[in-house]
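Undergrad: Take this sequence and fold it.
(chains A and B)
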Number of protein chains: 2
Amino acid sequence: MSKRPGHLNLLAMLNNGGHHLAAWKHPKGRAGAGLDIKQYIHYAQVAEKGLLDGLFIADVAALWGKDLEALSRTSRGEHYEPLTLLSLLAGVTEHIGLIGTATTSYNEPYHIARKFASLDHLSGGRAGWNVVTSVVGDESRNFGREEHFSHSGRYERAEEFVDVVRKLWNSWEEGAVTLDADHGRYFDPTKVHAIDHVGAHFSVRGPLNISRTPQGEPVLVQAGASASGKRLAARIAEIIFAPHDDISAAQAYYAEVKAAAAAFGRPAHAIRILPGITPVVGKTRQDAQDFFDQLQELLDPVVGLRLLADTLGDDLDLSGYDPDGPLPPIPAGNKGSRRDFAVALAEQKHLSIRQLYQHLAERNAVIGTAADIADRFEDWYDSEAADGFNLFFPHDPGGIEDFVSLVVPELQRRGRFRKAYDSTTLRGHFGLDTPYSAGVQVAS
Amino acid sequence: MSKRPGHLNLLAMLNNGGHHLAAWKHPKGRAGAGLDIKQYIHYAQVAEKGLLDGLFIADVAALWGKDLEALSRTSRGEHYEPLTLLSLLAGVTEHIGLIGTATTSYNEPYHIARKFASLDHLSGGRAGWNVVTSVVGDESRNFGREEHFSHSGRYERAEEFVDVVRKLWNSWEEGAVTLDADHGRYFDPTKVHAIDHVGAHFSVRGPLNISRTPQGEPVLVQAGASASGKRLAARIAEIIFAPHDDISAAQAYYAEVKAAAAAFGRPAHAIRILPGITPVVGKTRQDAQDFFDQLQELLDPVVGLRLLADTLGDDLDLSGYDPDGPLPPIPAGNKGSRRDFAVALAEQKHLSIRQLYQHLAERNAVIGTAADIADRFEDWYDSEAADGFNLFFPHDPGGIEDFVSLVVPELQRRGRFRKAYDSTTLRGHFGLDTPYSAGVQVAS
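TA: As a prediction, this is how the structure comes out:
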């Protein structure tokens, strides 16, 4: 395949103390544990200094998981609500994109459309919405339902939800706000429209109570893995978080989603595909590996066994087994491919229980020097396995600083990353020219 | 009545170009029209320089009113979503309180509890929630309902909504977050509790996914005018926006609400009552009056007649009448006391149609010198008609700067306003010591 010009798109995923489950206990991650807003401001400003495309905030509208004992040994038990955090960060940065997660399962489209429009206005065009459906068990119970919507029900709702949000974003035409004090017109009433949406899940009259945003529409982000998820991604997503750590699987996904998007009339460049990756960078490979080994050693067995149960089956109790012994026979569950993949891996590589949960905690780690990490990026990029990467820093503070001071200059030297922002919008950073409207009828 | 020691509590209500409906057209208000975030940052920093207790953002989750023609001639057609705006302002201020409005009619308590908890954490304890129920016609239609909940239904829902939010805020005990890296405990799992709320309107399991906030609970604000509204205020509100411009009515309301609160076991100092007021300050009375007259002259008759119809009856069409002639006989409507009050006022004072809508646009204006405005504040304060005021600046930029540079020093000279912040929290500014829990059982 021929080398593509252009640059990588890089998003920084922020988390309380870092993404490794034990990072908050490591001396390097300790200062980042908790909700100290000064730390988040620092991360955002370092990421902007490093010219990254955006910041990304994951979300679950519940405590993560039901196991309070395991959760209490991680920093995952509390986190800022994404829109409030990103709005604050908008005020202390100037260029970097701001992507927040919000579920379509337990929200109302009018609220979501407003909040992201508001963020887009107050950031001067830097907002992105990561569209998700709810899958974590306890989320439903915080919103009056014993169980989640079915998988297909969730995606039907998500498809309609996104359409309503986009109609609302388009309910004020370009140029509707005239601020014409001399003629007494703040806006042109012929350019503001009710949407009168009536669908299976939502009835929404509109229009929105905030004008068309600097980006026209905030950028839509999605992580489609299932068939329904990939269909939604192909139809509406502009940035996709891909799940793969294997280059062949990533290439197949890349080709499949871009082809599916083409079937919706969308050109390949309308979608940027970014696998998640955990860069562990050191001055030498040994430094990087030693540091990562320290993190893995800090992983609490209670947390590790919970991670195994989350993957292999909720009822699995391995607490009576020697963590350095082999995995016992695992009863068939309904966890699908993740479960089967983990069991097969443990068998093939003769992993102990501890080694398997340490592997699960890695989250696509790439451990090495800046050159090693840049090689990996270029390799995937040139093989059409990725258009960029979503970066999970193992520990913060430290992870983002190391990446910006070591990996970014290496990518710049290779001509694979910007040397200055040439845009002030998230859409601009990703080269997403204009909002598309394929498949969505905008109210008139 | 004896003079009370202490100081006034003052909140600044922010709005697009100012609160007078024509302000955005006046040369002084013009620069503030629109969504320029730099202006909002400026207002917040001026208000903080003036040592005000807080900023307050009103809200409606719909276009304000159905009359696009009239709305297009005001700056009310668009506004920032309060939580996003306040979160940004939290990052560029250090002391001032941040009060946002969110309706209990079309929200979920888990989302609201999270967002205000998040704002309280990221502002270091400056968040307040203005609890409202939805009354504007088109709000219901943005959330799948042809009509609003009934008045009693709305308040039943609001009562339960607030209880659920407070339970969630208390779902992490004081001291639950230990960040004890040495023992591997981020939080103490015995101090984090599901709330298992099951009520008529909501079923919410909890706990919240963010720890107890700096204020313990964000401050609860409410504007109860109806019997149900006053009951809710007496039970849960810590700051109340009172509607009156007449001192006797304000005194009666003040006494009634504090007595009603006492019946819920709450001491008088647990509630601060702040009437809304529009200070129009000039170096001389004539300057102030001249400026306000200019604003009134800029009021578009289309906007004025809409204001009249909103007050006297939606179907009222006065467009065929001479605006400088008398009000024609008004058919009996169902607008209750506001309508009757306006009709009686027009008769008694022989007001023309224009004079009546100009009067309605005044919003409790107090027009004069800094001394005049300080006199009014002191008079109401010493008569137990108010514990402070909620300030509607007629024009921004300008209104807030004039108030801070002219009225604040006058109040300070009289010993009626702080000379420095002695607290970093909204609760601290208002002297609200600790969250109360009367009437709400906190989950255990």
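Undergrad: Could I get the full set of helices for the stretch 251-400 of chain A?
TA: Taking DSSP state H, counting those that start in this stretch as the criterion, the stretch 251-400 of chain A contains helices spanning A:285-298, A:301-312, A:337-349, A:353-360, A:370-382, A:399-402.
Undergrad: In JSON lines, list the ones you listed along with mean pLDDT, distance to chain B and mean neighbour count.
TA: Yep, even glycine has a C-beta here, placed from its N, CA and C like the rest. Below are the helices of the stretch 251-400 of chain A laid out as JSON lines (pLDDT from 0 to 100; distance: least, Cβ to the nearest Cβ, whole Å; neighbours: other Cβ atoms under 10 Å in any protein chain shown):
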{"stretch": "helix A:285-298", "mean pLDDT": "97", "distance to chain B": "8", "mean neighbour count": "16"}
{"stretch": "helix A:301-312", "mean pLDDT": "91", "distance to chain B": "9", "mean neighbour count": "20"}
{"stretch": "helix A:337-349", "mean pLDDT": "84", "distance to chain B": "23", "mean neighbour count": "14"}
{"stretch": "helix A:353-360", "mean pLDDT": "94", "distance to chain B": "15", "mean neighbour count": "20"}
{"stretch": "helix A:370-382", "mean pLDDT": "96", "distance to chain B": "28", "mean neighbour count": "19"}
{"stretch": "helix A:399-402", "mean pLDDT": "95", "distance to chain B": "17", "mean neighbour count": "23"}
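Undergrad: Need those helices in TSV (columns: distance to B:L8).
TA: Rendered in TSV, the data for those read as follows (distance: least, Cβ to Cβ, whole Å):
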stretch	distance to B:L8
helix A:285-298	53
helix A:301-312	52
helix A:337-349	61
helix A:353-360	59
helix A:370-382	59
helix A:399-402	45
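Undergrad: which one of those lies closest to A:R231?
TA: The minimum distance between A:R231 and the helices of the stretch 251-400 of chain A falls on helix A:337-349, with 18.2 Å, by Cβ to Cβ.
Undergrad: Output the contacting helices and strands for the closest one.
TA: Secondary-structure packing of helix A:337-349 (3 or more Cβ pairs under 8 Å, 6 or more residues apart in numbering or on different chains; DSSP states H and E): helix A:301-312, helix A:353-360.
Undergrad: Any regions of chain A where pLDDT drops low?
TA: Low-confidence segments of chain A (pLDDT under 70): A:1-3, A:5-6, A:137, A:332-337, A:435-444.
Undergrad: can you map out the strands along it?
TA: Assigned strands in chain A, in chain order: A:9-13, A:54-57, A:97-103, A:127-132, A:177-180, A:185-187, A:197-198, A:203-204, A:219-222, A:239-242, A:272-281, A:365-368, A:388-392 (criterion: DSSP state E).
Undergrad: strand partners of the first one, parallel vs antiparallel please.
TA: Paired neighbours of strand A:9-13 in the sheet (DSSP bridges): strand A:54-57 (parallel), strand A:388-392 (parallel).
Undergrad: which of those strands sits most buried?
TA: When neighbours are counted by mean count of other Cβ atoms under 10 Å in any protein chain shown, the highest per-stretch mean among the strands paired with strand A:9-13 falls to strand A:54-57, a mean of 26.
Undergrad: Residues contacting that strand, please?
TA: Contacts made with strand A:54-57 from outside it, assessed by Cβ atoms under 8 Å, 6 or more residues apart in numbering or on different chains, are listed as A:11-14, A:43-44, A:47, A:80, A:82, A:85-86, A:89, A:96-101, A:126, A:128, A:130, A:221, A:390, A:426, A:429.
Undergrad: 6 Å instead, please
TA: Counting contacts by Cβ atoms under 6 Å, 6 or more residues apart in numbering or on different chains, the residues outside strand A:54-57 that touch it are A:11-14, A:44, A:47, A:82, A:96-100, A:426.
Undergrad: Let me have the strands of chain A in JSON lines, extended by distance to A:Y110.
TA: Formatted as JSON lines, the strands of chain A follow (distance: least, Cβ to Cβ, whole Å):
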{"stretch": "strand A:9-13", "distance to A:Y110": "27"}
{"stretch": "strand A:54-57", "distance to A:Y110": "22"}
{"stretch": "strand A:97-103", "distance to A:Y110": "13"}
{"stretch": "strand A:127-132", "distance to A:Y110": "14"}
{"stretch": "strand A:177-180", "distance to A:Y110": "20"}
{"stretch": "strand A:185-187", "distance to A:Y110": "19"}
{"stretch": "strand A:197-198", "distance to A:Y110": "10"}
{"stretch": "strand A:203-204", "distance to A:Y110": "6"}
{"stretch": "strand A:219-222", "distance to A:Y110": "17"}
{"stretch": "strand A:239-242", "distance to A:Y110": "24"}
{"stretch": "strand A:272-281", "distance to A:Y110": "28"}
{"stretch": "strand A:365-368", "distance to A:Y110": "41"}
{"stretch": "strand A:388-392", "distance to A:Y110": "29"}
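Undergrad: so which of the helices of the stretch 251-400 of chain A gets nearest B:K230?
TA: Counting by Cβ to Cβ, B:K230 lies closest to helix A:301-312 out of the helices of the stretch 251-400 of chain A; the figure is 49.4 Å.
Undergrad: For A:L208, which non-adjacent residue is spatially closest?
TA: If you skip the residues right next to it in sequence, A:L208 has A:L168 as its closest partner in space, 4.5 Å away by Cβ to Cβ, 6 or more residues apart in numbering or on different chains.
Undergrad: Could you count how many residues lie near the one you found?
TA: By the criterion of other Cβ atoms under 10 Å in any protein chain shown, A:L168 has 27 neighbours.
Undergrad: So it sits against A:V204, correct?
TA: No. Using Cβ atoms under 6 Å, A:L168 and A:V204 do not qualify as a contacting pair, with a distance of 7.2 Å.
Undergrad: Look up how far A:K167 lies from the closest residue to chain B within the stretch 201-350 of chain A.
TA: Using Cβ to the nearest Cβ, A:R205 is the residue of the stretch 201-350 of chain A that sits closest to chain B, at 3.8 Å. Look at A:R205 and A:K167: by Cβ to Cβ, to the nearest Å, they are 11 Å apart.
Undergrad: who has more neighbours, those two?
TA: The residue with the greater number of neighbours, taking A:R205 and A:K167 and applying other Cβ under 10 Å, is A:K167; the counts read 25 against 21.
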